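> Give me the fold of what follows.
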Amino acid sequence: MVHFLRLTAVSLALVSLVIAGCAKRPATTEMSVPPPAGRGAATSPSQATATTTAPATPPAQQTPATTAQQAPAAPPTGTARPSTQEYVENSELKDIHFDFDKAEIRKVDVPILDADAAWLRSHEDHAVLIEGHCDERGTNEYNVALGDRRAKATMNYLVSRGVPATRITVTSFGEERPICNQHTEACWAKNRRAHFLVKRK
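Next comes the predicted model:
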């Protein structure tokens with residue numbers, strides 16, 4: 001009986017110690033250690049970095065080569081000269097002359113032009129070519145322009161006297177066709193003129 005009581009007391013004491021030890025054991029928290037980088041650990045959607053794939057750049061649109069257009073030829077300088085081969089001299093038409101560096105019709109030449117206009121009105125089957133001429137002074141370019149003004153002034157006078165402009169053609173030779181080659185004022189005055197040629201229409 002005594003032996004049984006001792007065994008019971010020892011058993012109770014051991015149970016008390018076990019219970020006390022369990023109560024004092026601290027709770028261990030299992031910590032999840034992240035896997036090392038590079039081992040293919042799963043990445044949560046919140047941590048995933050959105051990767052935007054840039055669309056492939058389309059090849060630059062090639063513009064078809066523009067066909068080179070031939071530039072139009074530059075217009076000739078000055079008034080194109082008509083062919084004089086079809087025109088002939090006519091003794092009925094007299095030249096008129098101009099002052100130096102002038103293109104105005106002189107009073108002394110008005111009777112000459114009136115007679116020329118009368119002849120042209122009476123010969124409607126003839127067309128007339130008026131040539132403007134200059135003396136040698138000045139540049140050739142300037143004299144060609146001056147001769148053109150002289151020829152046009154002569155034409156305008158004939159038109160004012162009833163000669164249709166459609167029958168008149170003008171051109172300029174500047175200083176290229178002198179009728180006098182002396183370097184004198186008298187000779188230069190002869191070269192400053194409007195000369196007439198005619199042809200049948």
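> what's stretch 152-168 in contact with?
96, 103-105, 113-114, 116-118, 120-121, 124, 126-130, 132, 170, 194, 201 (C-beta atoms under 8 Å, 6 or more residues apart in numbering). Any C-beta I mention is one placed from the backbone N, CA and C, and that applies to glycine too.
> change it to 6 Å
With C-beta atoms under 6 Å, 6 or more residues apart in numbering as the contact definition, stretch 152-168 has outside contacts at 103, 105, 113, 117, 120, 121, 127, 128, 130, 170, 194.
> buried residues in that stretch?
By 16 or more other C-beta atoms under 10 Å, the buried positions in stretch 152-168 come out as 152, 153, 154, 155, 157, 158, 163, 167, 168.
> Quick one: low-confidence residue ranges for the protein.
1-81 (pLDDT under 70).
> quick one, strands of it?
96-97, 126-133, 168-174, 193-200 (DSSP state E).
> could the ones you listed go into JSON lines alongside distance to residue 182?
Below are the strands of the chain laid out as JSON lines (distance: least, C-beta to C-beta, whole Å):
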{"stretch": "strand 96-97", "distance to residue 182": "16"}
{"stretch": "strand 126-133", "distance to residue 182": "16"}
{"stretch": "strand 168-174", "distance to residue 182": "18"}
{"stretch": "strand 193-200", "distance to residue 182": "15"}
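> quick one: contacts for residue 193?
Per C-beta under 6 Å, 6+ apart, neighbours of residue 193: 95, 97, 133.
> let's see 7 Å
Residues in contact with residue 193 (C-beta atoms under 7 Å, 6 or more residues apart in numbering) are 95, 96, 97, 98, 133.
> Which members of the residues you listed are classed as buried?
Buried, going by 16+ other C-beta under 10 Å: 95, 96, 97, 98, 133, out of the contacts of residue 193.
> Which two of the buried residues of stretch 152-168 have the greatest separation?
153 and 167 (17.2 Å; C-beta to C-beta).
> Make TSV from the buried ones among the contacts of residue 193 and add distance to residue 88 to it.
What follows is those, written out as TSV (distance: C-beta to C-beta, whole Å):
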residue	distance to residue 88
95	15
96	19
97	22
98	24
133	18
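> how far away is the nearest residue to residue 120 once chain neighbours are set aside from residue 170?
Using C-beta to C-beta, 6 or more residues apart in numbering and skipping residues adjacent in sequence, the residue nearest residue 120 is residue 163, 4.7 Å away. Residue 163 is 13 Å from residue 170, where distance means C-beta to C-beta, to the nearest Å.
> what does residue 136 give?
Residue 136 is 22 Å from residue 170, by C-beta to C-beta.
> Neighbour count for those two, which is higher?
Neighbours were counted for residue 136 and for residue 170 using other C-beta atoms under 10 Å; residue 170 has more, 23 against 15.
> Now for that one: which residues touch it?
Taking C-beta under 7 Å, 6+ apart, we find residue 170 in contact with 130, 132, 151, 152, 155.
> Please name the bridge partners of it.
Residue 170 has these beta-bridge partners by DSSP bridges: residue 130.
> one step back: and the contacts of stretch 152-168, which are buried?
Using 16+ other C-beta under 10 Å, the buried ones in the contacts of stretch 152-168 are 103, 105, 113, 117, 120, 127, 128, 130, 170, 194.
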